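>>> Got a sequence here, can you build the structure:
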Amino acid sequence: PLKDFGVSTNNYTIEPHGKRVFTLFGNLRGYKRPDLFIKAANAINEPNASFLIIGSCKDRDWEKYNALIKTSTIITDIRYIKNEEIPDIFSLSDFLVLPYDDATQSGPVLIAVNYGVPLIATKQPIFESIVENNNNGYLFEKGSLEDLIKVLKMAISLSNDELNSMKASQLRYKEQYIKSTDIALKFKEFILKNNI
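Now for the predicted structure:
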């Protein structure tokens, strides 16, 4: 099921300063490639964009990632995030970024879909099944810093209308996802199909 944590209360303490907000969210582990996200943000260093890194990370791992940060456009909040903060975080976000090397499922994806936040993700089956490129997000080549930078720059250059269209597409995907995963609807289809 989609992950719904309620509505935003606008009580989250981080305030992004850019017109486009890209978020890396969740438990930060090596295979999720926070290093790639940081390197891309450093290379772009765009004052009209904010790159949020929000979630938990082992201290020794975070020291390694923190040392990579070279731009003030990267804003971090490294700690356990309470469920009631999640709607605020996703209401701030224009895109959820998933530069993962490997994924079979992703909780943050289901949260993003629920809140209508477009995705920027690596070309992997799990993400390719959700992201329609240039419609409700962007896909890029796994591990490619150049490709991630290119996609982030495309997202930064979107007009507000284009971004709103992407968010609307994500909400349409949400409705389709709910219909395709609703067990009651599947049961009803089975009954009708089999004349039970």
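>>> In terms of pLDDT, where does Leu98 sit?
Note for Leu98: predicted pLDDT of 97.
>>> how many neighbours does it have?
When counting by other Cβ atoms under 10 Å, one arrives at 28 neighbours for Leu98. Every residue, glycine included, has its C-beta placed from N, CA and C.
>>> The residue nearest to Phe5 when sequence neighbours are not counted: neighbouring residues, count only.
Nearest residue to Phe5, sequence neighbours excluded (Cβ to Cβ, 6 or more residues apart in numbering): Ile86, at 4.1 Å. Other residues within reach of Ile86, judged by other Cβ under 10 Å, total 22.
>>> Report the buried residues of the lengthiest helix in the chain.
Using DSSP state H, we find that the single longest helix of the chain is helix 160-181. Neighbour counts over helix 160-181 (16 or more other Cβ atoms under 10 Å) mark 163, 166-167, 169-170, 173-174, 177 as buried.
>>> In terms of distance to Leu98, which of these ranks first?
Gln170 (13.8 Å; Cβ to Cβ).
>>> Model confidence for Ser8, exactly?
pLDDT recorded at Ser8 is 85.
>>> and Tyr12, how many neighbours does it have?
Counted with other Cβ under 10 Å, Tyr12 comes out at 19.
>>> do the one 3 residues further on as well
A count of nearby residues for Glu15, using other Cβ under 10 Å, gives 8.
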